[in-house]
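> one predicted model, sequence on top.
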Amino acid sequence: MIIRTIAECTGNEREIKAPNGNWVSRRLLLRDDGMGFSFHETIIHAGSETPIWYKNHLEAVYCVAGNGSIEDLATGEVHQIEPGVLYALDKHDRHILRGGTVDMKMICVFTPPLRGDEVHDADGAYQLHE
Ligand SMILES: CC(=O)NCC[C@H](N)C(=O)O
């Protein structure tokens with residue numbers, strides 16, 4: 001059994017900050033934990049705008065605090081995000097994630113699991129690692 005706290009994933013190699021400052025991700029479960037997915041708490045900063053395209057991963061995201069929106073770039077639809085809202089990128093959906101008036105706290109699950117040091121590339125994707 002794995003027991004891990006958010007404090008243990010803060011201020012060390014499990015905490016990854018976006019190079020552009022838009023988000024911080026605390027990675028509670030990673031590939032080496034052997035669960036088959038990774039599990040993160042991500043803070044999306046208020047007012048930020050991040051184009052994302054996880055072409056190599058599926059991601060589910062559940063909002064537990066704050067507000068913002070997600071724009072589906074295939075349809076142009078914009079969905080508001082607030083606590084209790086989940087979105088799942090089941091089609092590797094290209095999107096723009098926007099922070100709202102206050103920081104958003106999201107719980108994120110990735111499959112395949114992240115190794116831990118990933119940051120977005122120019123397309124807003126994470127690379128796959130062997
Ligand atoms: C919601 C989202 O994808 N934000 C970017 C960071 C990502 N969740 C991560 O934890 O690496």
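Nice, thanks for sending it over.
> burial count for the nearest residue in space to Ile44 that is not next to it in sequence?
Nearest in space to Ile44, with sequence neighbours left out and distances taken as CB to CB, 6 or more residues apart in numbering, is Met104 at 4.3 Å. Any C-beta I mention is one placed from the backbone N, CA and C, and that applies to glycine too. Using other CB atoms under 10 Å as the criterion, Met104 is surrounded by 27 other residues.
> Met104: what's it in contact with?
43-44, 46, 63, 65-68, 81 (CB atoms under 8 Å, 6 or more residues apart in numbering).
> now, of those residues, which are buried?
For these, a neighbour count by 16 or more other CB atoms under 10 Å gives the buried set as 43-44, 63, 66-68, 81.
> just give me the closest of these to Val24.
When the buried ones among the contacts of Met104 are compared for distance to Val24 (CB to CB), Ile43 wins out at 5.0 Å.
> would you mind listing what in the protein touches the ligand?
Neighbours of the ligand within the chain, by CB under 6 Å from any ligand atom: 23, 25, 40, 42, 52, 59, 61, 97, 106, 108.
> run the last query once more with 5 Å
Counting by CB under 5 Å from any ligand atom, the positions of the chain adjacent to the ligand are 23, 25, 40, 42, 61, 108.
> which of those residues fall within strands?
Of the residues of the chain next to the ligand, the ones assigned to strands by DSSP state E are 23, 25, 40, 42, 61, 108.
> and the second one, what are its bridge partners?
Yep, that's Ser25 we're talking about. Partner residues in beta bridges with Ser25, using DSSP bridges, are Ile16, Thr42.
> same question for the last one.
When bridges are called by DSSP bridges, Cys108 pairs up with His40, Val61.
> that one contacts Ile43, doesn't it?
No - checked against CB atoms under 8 Å, the pair Cys108 and Ile43 is beyond contact range at 10.8 Å.
> in this protein, what residue is nearest the ligand?
Ranked by CB to the nearest ligand atom, the top residue of the chain for proximity to the ligand is Ser25, at 3.2 Å.
> quick check: which element contains Glu71?
In this structure, Glu71 sits in strand 68-72 according to DSSP states H and E.
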